[in-house]
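*Asks:* Quick one, fold the following:
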Amino acid sequence: MAISLNRLLWKRRGVGMTEYLVLVGVIAIVAIIAFKFFVPSVRDRINQRDNAEANVVTEE
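*Replies:* The predicted structure is shown next:
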């Protein structure tokens, strides 16, 4: 009986680790998609600020 209980607990621990790895994988995929989605808009805003600062410097 103790061996069966030990095996059951070991299998349950393995399932927990698998769930954790799947969760980490899903979070990584969502982060990559968000990164690819937001980078162009962030890059455009940075370029707009750089251009605005360049115009301010040339006007003075």
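*Asks:* Okay, helices next: where are they in this protein?
*Replies:* With DSSP state H as the criterion, the chain has helices at 2-59.
*Asks:* which sections of it are below the confidence cut-off?
*Replies:* Low-confidence segments of the chain, defined by pLDDT under 70, span residues 1-3, 5-15, 57-60.
*Asks:* Can you name the residues that contact the spatially most central residue of the chain?
*Replies:* The central residue of the chain, meaning the one whose C-alpha is nearest the mean C-alpha position (CA atoms, centre = their mean), is residue 31 at 2.8 Å. Shown in contact with residue 31 (CB atoms under 8 Å, 6 or more residues apart in numbering): no residues. C-beta here means a position set from N, CA and C on the backbone, and glycine is covered the same way.
*Asks:* Compute the distance between it and residue 25, please.
*Replies:* In this view, residue 31 and residue 25 are 11 Å apart by CB to CB, to the nearest Å.
*Asks:* With residue 48 instead?
*Replies:* Applying CB to CB to residue 48 and residue 25 gives a distance of 36 Å.
*Asks:* what's the answer for residue 34, then?
*Replies:* When distances are taken as CB to CB, residue 34 and residue 25 turn out to be 15 Å apart.
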